[in-house]
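Asks: Return a 3D structure for these sequence lines:
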Amino acid sequence: MKKILITILLTLIASNSYADMVSTPAEVGGMFDLIEILKVIAYFILTPLVLTVAIESGIAYLMKYRDKFSQARIAFTNVITNVSVNIINLIVIKVFVSSLELWSYIAMVVILEIMVVVAEWKLFQKWLSKKALKLSLILNISSYVIGMVVIWSFFLIKSYLSPVYDVMTVY
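Replies: Below is the predicted model:
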């Protein structure tokens, strides 16, 4: 699995099809602008990862998983699962954006989230607790719901303030 993900990531970065990953690719001397690639990585990979690790670590702390070992295992598990899911999500959105229907996208998200719960359950079972399924479910449901609230709040605030920002930039 690790080799497959690394191969996909390296292929996307090295190939010309990576241009589809960037909303407005800027070519400089036949190469894609590094700034645009870093923006995509920051927006689609790093931001969700940091948000997920912060939420799940906080919830785990409240559930009495407070030692450094437990927190490190939870963070490491999220690096594996969250980055994998976000890369798959990014690829699906960019490849099927014109033909992707809402119900099929929702089905894909549900399937990916179930796979994450199972993967984290197995890792937590090995590393942390016999109550690993409960932990995995609580952490993933919490991070998904809180993450969606944060993301939608950000977009609502941004759309609400955009007329003000537009007026300010005109002058």
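Asks: helices and strands around the strand or helix carrying Leu51, which ones?
Replies: Assigned by DSSP states H and E, Leu51 belongs to helix 47-62. If you count contacts as 3 or more C-beta pairs under 8 Å, 6 or more residues apart in numbering; DSSP states H and E, helix 47-62 packs onto helix 68-96, helix 132-170. C-beta: built from backbone N, CA, C; applies to glycine.
Asks: List the buried residues in the longest one.
Replies: Counting neighbours by 16 or more other C-beta atoms under 10 Å, one finds that the buried residues in helix 132-170 are Ala132, Leu133, Leu135, Ser136, Ile138, Leu139, Asn140, Ser142, Ser143, Ile146, Gly147.
Asks: Quick check, the second one in contact with Lys122.
Replies: No. Distance between Leu133 and Lys122: 9.4 Å, which falls outside the contact criterion (C-beta atoms under 8 Å).
Asks: ok so, going back, can you give me the buried ones in the helix holding Leu51?
Replies: Thr47, Pro48, Leu49, Leu51, Thr52, Val53, Ile55, Glu56, Ser57, Ile59, Ala60.
Asks: Contacts for that helix, please.
Replies: Contact partners of helix 47-62, identified using C-beta atoms under 8 Å, 6 or more residues apart in numbering, comprise 70-71, 74-75, 78-79, 82-83, 86, 135, 138-140, 142-143, 146-147, 150.
Asks: Low-confidence bits of the protein, can you list those?
Replies: Within the chain, the ranges that satisfy pLDDT under 70 run 1-32, 97-98, 160-171.
Asks: Would you mind giving the helices and strands packed on helix 47-62 as CSV with distance to Val118 added?
Replies: As requested, the helices and strands packed on helix 47-62 are exported to CSV (distance: least, C-beta to C-beta, whole Å):
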stretch, distance to Val118
helix 68-96, 10
helix 132-170, 8
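Asks: And those helices: which comes nearest Ile35?
Replies: Closest to Ile35 of these, according to C-beta to C-beta: helix 68-96, at 17.7 Å.
Asks: buried residues in the closest one?
Replies: 70-71, 73-75, 77-78, 80-87, 89-90, 92, 94.
Asks: Beyond that helix, next helix or strand please.
Replies: Next element after helix 68-96 (DSSP H and E): helix 102-127.
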